[in-house]
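In: here's a sequence, model it:
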Amino acid sequence: MPQSTIAKELTIGQLAQRSGVATSALRFYEEQGLITSRRTSGNQRRYARDMLRRVAFIRVSQNVGMPLAAIRDALHRLPEGRTPNRDDWAEVSESWRADLDRRIHRLRQLRDGLTDCIGCGCLSLESCVLANPDDICGQSGACGPVRLLADGEDPLEAPEVSGSCVPVASCR
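Out: All right, here's what the predicted structure looks like:
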């Protein structure tokens with residue numbers, strides 16, 4: 001029986017070489033549920049050839065700034081977890097457009113406000129558009145580094161904005 005010249009499955013090294021993605025990244029993608037493989041009896045990974053297109057989809061999605069969670073959600077919306085095609089990409093990219101527009105707007109605001117930043121690291125301006133973008137503490141009349149955790153407040157569970165802004169040092 002003649003052997004096919006094109007392998008039906010790829011090793012992790014072959015997938016890495018063909019996709020331009022490091023083997024460590026491929027393992028990470030697999031841990032994150034973005035790609036799948038089967039294991040041989042020797043516990044080696046084997047990837048279906050369509051994983052090449054899936055990895056390309058992941059890379060393009062990352063290049064436009066989408067977080068892995070959004071990419072995973074998009075891939076899981078596909079019927080039977082299949083590899084995305086042109087129509088799938090059009091649908092996904094349309095659904096991401098509003099998020100990308102918001103990020104572009106925010107980046108423009110940061111760029112335009114960069115000249116107001118003193119850049120020395122002390123951030124002692126009354127209103128720093130980088131450290132305090134919505135000037136929440138500035139609204140209370142405080143300046144400089146002002147937000148402190150309340151006694152016993154868990155920093156991982158602290159609300160993004162505290163109701164009170166207490167200066168930690170006098171303003172210059």
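
In: so where do the helices sit in this protein?
Out: 12-19, 23-31, 51-63, 68-76, 86-113 (DSSP state H).

In: low-confidence regions, this structure specifically.
Out: 1-6, 80-81, 115-172 (pLDDT under 70).

In: quick one: which of the helices of the chain is nearest G42?
Out: helix 12-19 (12.9 Å; CB to CB). The C-beta positions use only the backbone N, C-alpha and C, and glycine is treated the same way.

In: next, the angle from that closest one to helix 23-31.
Out: Orientation check (axes from the mean of the first three to the mean of the last three CA atoms, to 10 degrees): helix 12-19 against helix 23-31 gives 100 degrees.

In: tell me what helix 12-19 is packed against?
Out: helix 23-31, strand 45-48, helix 51-63 (3 or more CB pairs under 8 Å, 6 or more residues apart in numbering; DSSP states H and E).

In: can you pull the buried residues of that helix?
Out: In terms of neighbour count (16 or more other CB atoms under 10 Å), helix 12-19 has its buried residues at 12, 15-16, 19.

In: turn the helices and strands packed on helix 12-19 into CSV, columns for distance to H105 and mean neighbour count.
Out: As requested, these are exported to CSV (distance: least, CB to CB, whole Å; neighbours: other CB atoms under 10 Å):
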stretch, distance to H105, mean neighbour count
helix 23-31, 30, 15
strand 45-48, 39, 19
helix 51-63, 20, 18
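
In: can I get those in CSV with distance to K8?
Out: Converted to CSV, these look like this (distance: least, CB to CB, whole Å):
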stretch, distance to K8
helix 23-31, 18
strand 45-48, 8
helix 51-63, 12
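
In: mind checking which of those is nearest W89?
Out: Of the helices and strands packed on helix 12-19, the one closest to W89 (CB to CB) turns out to be helix 51-63, at 7.1 Å.

In: so the closest one versus helix 68-76, what angle?
Out: Counting by the same axes, to 10 degrees, helix 51-63 lies at 140 degrees to helix 68-76.

In: which residues does helix 51-63 contact?
Out: 10, 15, 18-21, 26, 29, 34-37, 68, 70-71, 74-75, 83-84, 89, 92 (CB atoms under 8 Å, 6 or more residues apart in numbering).
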